[in-house]
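S.K.: Quick one, fold the following:
(chains A and B)
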Amino acid sequence: AQSVTQPDARVTVSQGASLQLRCKYSYSGTPYLFWYVQYPRQGLQLLLKYYSGDPVVQGVNGFEAEFSKSNSSFHPRKASVHWSDSAVYFCAVSSNTGANTGKLTFGHGTILRVHP
Amino acid sequence: NTKITQSPRYLILGRANKSLECEQHLGHNAMYWYKQSAEKPPELMFLYNLKQLIRNETVPSRFIPECPDSSKLLLHISAVDPEDSAVYFCASSPQGAGNTLYFGEGSRLIVV
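M.R.: Down below sits the predicted model:
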C-alpha cells in the first residue's frame, strides 16, 4: 500500500527565516511524489512534483525539494519565508501501477504559520 | 483557479437531496471527487477517466456520481448525514498515471 507521513502537524517560523518541511513515503518502487499547498478557503495547488531524474526539483514560490530513495523522503525547503506562505502543506504519493493507479494519497498535512 | 468551477460554493442542508456541479476548461480526460473533512486531508471518492467510472472508493450509497461529458462532473447527494459535512473538491488531470491534479475551490456542505 502507498502512504505518506508528515511528522510535523504544525510549524511556526518568523518571516525571513529558512524553512524545511518533512515527508516520508512508503511505496515499493519509484513513486510519483507531490507537495500541494492549500491557502484558507481555497483548493489545493501544486507546489512540487518528483518522479525521476534530478533528485532536486524546483517548485513555485521559491520552494525546492530533494528526493531521497535511501531515506524514503521528499522534503521541501525555502531559503526565506514570507507571511503569505502561511497555509497547509500536503505531501502526496501516486502510483503508476497496480490497483492504486491514478489514486493520489495525501498525508495529514502540515500547518505552516509565518510570523510577520 | 477559474479553470475548474464548482457550484454551489456553500450549501446548508437538512436531510434533503442536492447535486454538486463541476466543470473544467483544461481539456483533461480524468476527473475526480475528493472529500475533505475538517482538519483532515482530502480523500478520494470517485475517479472518472474518459467518462468512465474507474475508481469508486468506499463511499456511502447516498453519494452518486455522474459524468455527462468529459468536462463535467456531478455529485448527487440524497438524505445527507451529519458526517457528510465537509468540503467536496472536484479535480481534473490529463490522462495517465502521475499527472498533476488541478483542484477547484470546493463546495462546502454543512448538514444541520
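
S.K.: Please see if the worst-scoring helix or strand of chain A on mean pLDDT touches chain B.
M.R.: Across the helices and strands of chain A, mean pLDDT, DSSP states H and E gives its lowest value to strand A:104-106, namely a mean of 89. Yes - Strand A:104-106 reaches chain B (CB under 8 Å from any CB of the partner chain) through A:L104, A:T105, A:F106. Using the backbone N, CA and C atoms, a C-beta is placed for each residue, glycine as well.

S.K.: all strands for chain B, in order.
M.R.: Secondary structure of chain B by DSSP state E: the strands cover B:4-7, B:10-13, B:18-24, B:30-36, B:43-49, B:52-56, B:63-69, B:72-77, B:86-93, B:102-103, B:107-111.

S.K.: Need those strands in CSV (columns: mean pLDDT).
M.R.: Shown next, in CSV, are the strands of chain B (pLDDT from 0 to 100):
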stretch, mean pLDDT
strand B:4-7, 93
strand B:10-13, 84
strand B:18-24, 94
strand B:30-36, 94
strand B:43-49, 92
strand B:52-56, 87
strand B:63-69, 94
strand B:72-77, 96
strand B:86-93, 94
strand B:102-103, 92
strand B:107-111, 92
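
S.K.: give me the beta-bridge partners of the spatially most central residue of chain A?
M.R.: Central residue of chain A (CA atoms, centre = their mean): A:W35, 3.2 Å from the mean position. Beta bridges link A:W35 to A:L48, A:C91 when assigned by DSSP bridges.

S.K.: Show the contacting residues for it.
M.R.: A:21, A:23, A:46-49, A:59, A:63, A:65, A:74, A:76, A:89-92 (CB atoms under 8 Å, 6 or more residues apart in numbering or on different chains).
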